[in-house]
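**Student:** model the structure of this input:
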Amino acid sequence: MPEGARVTALPRRGDATRERLLDAAETLVSERGFRDPSHRALAGEAGVHVALVNYHFGSKELLFEEALSRRAARLAEAWREALLHVRAQPAFTAEEVLRSYWLPFEGIECAEEAAWRNYLCVVARLAEAQEGSSWHERYFGPVMGEFKRALHASLPGISDPHLDAGFRYARQVFDQALLHRCGKTGFKPIPLGYRAEDVDCAIAFLGAGLRRLSMNHVPFNFPRRTQSASTVVASNCP
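**Tutor:** Residues are numbered from 1 along each chain as shown. All right, here's what the predicted structure looks like:
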């Protein structure tokens, strides 16, 4: 073989079946969440025998994790690229950081690539999965750390617990917006607050909340409601 010649790997037996199962997992999880799809539903969506789910992946949960990992690098890179443009500025705001987080999802309802839409909705549903937190940390932990460092730089004085909580709240809002925009929630039309024209409002709201959390020296002092003697009302955020 001539030096420098490219060697093309031949497809392994079963590769096409694995891909069909991964595509099926993306489709069903994006529509129903992680708890609902059964082995039989996954196999039926893929058009294969039900025994092949465990044969190729060992369990339904391992199939879900591989479906998540398959496109994780693409999403992490899109997030990094969006955040890089923000961090290149001499100064930036929390709102600009939050918008860079949302940027890979912008216009997703108009995207022609259905598989990518399904994948992003799988990511948006991670909180529903039993192993969702560990999976999110495994595949997106480093880039989430970059977002938190950027938010910390834009919010001097914010404590780590308040930053973690505030960023988690923001991600939950974006997850719900993404699911609504992709038509995965069953609500038609899209509810007020989750439409394309509502993104700026949501980012402004989330940015204001993060700025309030950064005022660590100012107590929250929310007025207490009348409660029964057995009810304790917490006055502080986590």
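**Student:** got the contact list for residue 45?
**Tutor:** 24, 27-28 (C-beta atoms under 8 Å, 6 or more residues apart in numbering). Yep, even glycine has a C-beta here, placed from its N, CA and C like the rest.
**Student:** could you export the residues you listed as a markdown table, including distance to residue 91?
**Tutor:** What follows is these, written out as a markdown table (distance: C-beta to C-beta, whole Å):
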| residue | distance to residue 91 |
| --- | --- |
| 24 | 47 |
| 27 | 43 |
| 28 | 45 |
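**Student:** just the buried subset of those residues, please.
**Tutor:** When the contacts of residue 45 are checked for burial by 16 or more other C-beta atoms under 10 Å, the buried set is 24, 27-28.
**Student:** need the contact list for residue 159.
**Tutor:** Here residue 159 is in contact with residue 216 (C-beta under 8 Å, 6+ apart).
**Student:** my bad, should have said residue 148
**Tutor:** For residue 148, the contact set (C-beta under 8 Å, 6+ apart) comprises 163-164, 167.
**Student:** which helix or which strand is home to it?
**Tutor:** For residue 148, the host element (DSSP states H and E) is helix 132-154.
**Student:** now the buried members of the contacts of residue 148.
**Tutor:** 163, 167.
**Student:** circling back to that earlier point, so which of the contacts of residue 45 is the closest to residue 66?
**Tutor:** residue 24 (12.1 Å; C-beta to C-beta).
**Student:** ok, which stretches of the chain are strands?
**Tutor:** Counting by DSSP state E, no segments of the chain form strands.
**Student:** could you list the low-pLDDT ranges of it?
**Tutor:** 1-13, 110-111, 217-218, 222-238 (pLDDT under 70).
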